[in-house]
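K.L.:
Fold the following and give me the result.
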Amino acid sequence: MSEREVLEPGVIRGQWFHTLENGRIQCDLCPRFCQLSEGQRGFCFVRQNRDGAIALTSYGRASGFCIDPIEKKPLNHFYPGTSVLSFGTAGCNLGCRFCQNWDISKAREMDRLTDLADPSDIVDAAVRAGCRSIAYTYNDPVVFAEYAIDTAEEARTRGLMNVAVTAGYITAEARPAFFEHLDAVNIDLKAFTERFYKKLCFAELAPVLETLRWVREQTELWLEVTTLLIPGQNDDDDEIERLAGWMVEHLGTETPLHLTAFHPDFKMRDIVPTPPETLTRAREIARRAGLRHVYTGNVHDTGGQSTFCASCDALLIERDWYQLGAFNLTHGRCNSCNATLAGRFADDKGDWGAKRRRLKVS
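P.N.:
Reported below is the predicted structural model:
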């Protein structure tokens, strides 16, 4: 595992920054490129200028640990039915007004970080619990990159796999190290217009598209994409068709897309929940655009959440929420026509089911 310079308990010297001519330092981890005076924190709140260097102030300090089904990330083509130890910290480098984990991602008090755990503690807990993988999630792992990297590196030595759930808002400089020890990633493509990203996320679309292309072209990671559909904001037919078309061209027809339902939260409590029929319509649009595996989420929709063979339309993996039913795959191939299903699969489905169990790690 990487040796980090510890500045004080829970605080380490960060990895991506440089000094500017005016004496400030620039954080080079994400496309915000925050320029910070001594003591000043970045937009994410957890990265700070301390003595002329970036400090990560949430290292080893988690907002909680849970064992989840891998489908909850969501990852539908990555060892279905297996359990994953999930954790996050605090802070975020986006400012989404609809954030559904806002109590964690927007936390400004370090007492939100109640569980102290070094990377080896987390890996030990995952092994003891029989998890197949560890997920860096809840808030965006980009902001606690060094902590995630060290944990993922340790997990690899113990035979565990690593999963990141991220908005993909990261620089070209930081991407190789951040993704190096990962096995799968779900990237949140929040919309397909710059207007949406600027108005509702205080960010930009282009760097996210660059990250998506980079993951597909430069790594062997298994990639899935999620878009939360918000009524009146990013759910019109044209935008969904353009988003799916871009995925077909740049990520390939086999990349799964999860279209999930919004519920009122944080600073967008005046917007109605996404109607189920919107998800059904959007799924059909994305499939007509050429994507072979499009799923609905945050609603009860067995048909929209199950996996079907792209060649013969046979049911391959039946899902009722996060509970798996029929499993008609052998060595990752359809039992009916022998076509290969893109993804990472064991010979049998996992047996974790829909359980969610909190875990104390310290």
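
K.L.:
and the residue nearest the centre of the chain, what element?
P.N.:
The residue lying closest to the centre of the chain (CA atoms, centre = their mean) is Val165, at 1.2 Å. Secondary structure from DSSP states H and E places Val165 in strand 161-166.

K.L.:
doesn't Thr137 make contact with the residue nearest to the centre of the chain?
P.N.:
Yes - assessed by CB atoms under 8 Å, Val165 is found in contact with Thr137 at 3.9 Å. In short, each C-beta sits where N, CA and C put it, glycine included.

K.L.:
which residues do those two both contact?
P.N.:
Common neighbours of Val165 and Thr137 (criterion: CB atoms under 8 Å, 6 or more residues apart in numbering): Lys73.

K.L.:
where are the low-confidence patches of the stretch 251-362 of the chain?
P.N.:
266-267 (pLDDT under 70).

K.L.:
residue ranges for the helices of it, please.
P.N.:
In the stretch 251-362 of the chain, the helices defined using DSSP state H, counting those that start in this stretch lie at 276-288, 302-305.

K.L.:
From the contact counts, what lies against the first one?
P.N.:
Using 3 or more CB pairs under 8 Å, 6 or more residues apart in numbering; DSSP states H and E as the contact criterion, the elements in contact with helix 276-288 are strand 222-229, helix 237-250, strand 257-261, strand 294-297, helix 302-305.

K.L.:
The shortest one too?
P.N.:
Contact partners of helix 302-305 among helices and strands, from 3+ CB pairs under 8 Å, 6+ apart: helix 276-288, strand 294-297, strand 315-320.

K.L.:
who does the second one pair up with?
P.N.:
Meaning strand 294-297. Paired with strand 294-297 in the same sheet, following DSSP bridges, are strand 257-261 (parallel).

K.L.:
Would you mind getting the angle between the strand it pairs with and strand 222-229?
P.N.:
Interaxial angle, strand 257-261 versus strand 222-229 (axes from the mean of the first three to the mean of the last three CA atoms, to 10 degrees): 30 degrees.

K.L.:
Can I get strand 257-261 as PDB, trimmed to CA atoms?
P.N.:
C-alpha atoms of strand 257-261 as PDB (Å, rounded to 0.1, in the frame of the first residue of the first chain):
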ATOM      1  CA  LEU A 257     -27.600   2.200 -19.000                       C
ATOM      2  CA  HIS A 258     -29.700   2.600 -15.800                       C
ATOM      3  CA  LEU A 259     -32.500   5.200 -16.000                       C
ATOM      4  CA  THR A 260     -33.600   5.900 -12.500                       C
ATOM      5  CA  ALA A 261     -36.500   7.700 -10.900                       C
END
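
K.L.:
three-state assignment of Arg213?
P.N.:
At Arg213 the chain is in helix, as set by DSSP: H, G, I helix; E, B strand; the rest coil.

K.L.:
Once you drop chain neighbours, what's closest to it?
P.N.:
His250 (5.4 Å; CB to CB, 6 or more residues apart in numbering).

K.L.:
Near the one you found, how many other residues are there?
P.N.:
Number of residues near His250 (other CB atoms under 10 Å) recorded here: 13.

K.L.:
got the contact list for it?
P.N.:
For His250, the contact set (CB under 8 Å, 6+ apart) comprises 209, 212-213, 216.

K.L.:
Check Arg319 too.
P.N.:
Contacts of Arg319 by CB under 8 Å, 6+ apart are 71, 76, 302, 305-307, 325.

K.L.:
Just the buried residues from the contacts of His250, in ChimeraX please.
P.N.:
To isolate the buried members of those in ChimeraX, using 16 or more other CB atoms under 10 Å:
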select :209,212
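
K.L.:
could you redo the helices and strands packed on helix 276-288 as a markdown table and give each row distance to Pro141?
P.N.:
Output for these, formatted as a markdown table (distance: least, CB to CB, whole Å):
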| stretch | distance to Pro141 |
| --- | --- |
| strand 222-229 | 15 |
| helix 237-250 | 22 |
| strand 257-261 | 18 |
| strand 294-297 | 20 |
| helix 302-305 | 25 |
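
K.L.:
Please name whichever of these is nearest to Leu205.
P.N.:
Taking CB to CB, helix 237-250 is the member of these nearest to Leu205, at 10.4 Å.

K.L.:
Return the closest one as CSV; C-alpha atoms alone will do.
P.N.:
The C-alpha coordinates for helix 237-250 follow below in CSV (Å, rounded to 0.1, in the frame of the first residue of the first chain):
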residue,chain,number,x,y,z
ASP,A,237,-37.3,12.4,-25.7
ASP,A,238,-34.7,14.2,-27.8
GLU,A,239,-32.2,14.5,-24.9
ILE,A,240,-32.6,10.8,-24.1
GLU,A,241,-32.1,9.8,-27.7
ARG,A,242,-29.0,11.9,-28.0
LEU,A,243,-27.6,10.6,-24.7
ALA,A,244,-28.2,7.0,-25.8
GLY,A,245,-26.8,7.7,-29.3
TRP,A,246,-23.6,9.1,-27.8
MET,A,247,-23.2,6.0,-25.7
VAL,A,248,-23.7,3.7,-28.7
GLU,A,249,-21.0,5.7,-30.6
HIS,A,250,-18.4,6.1,-27.9
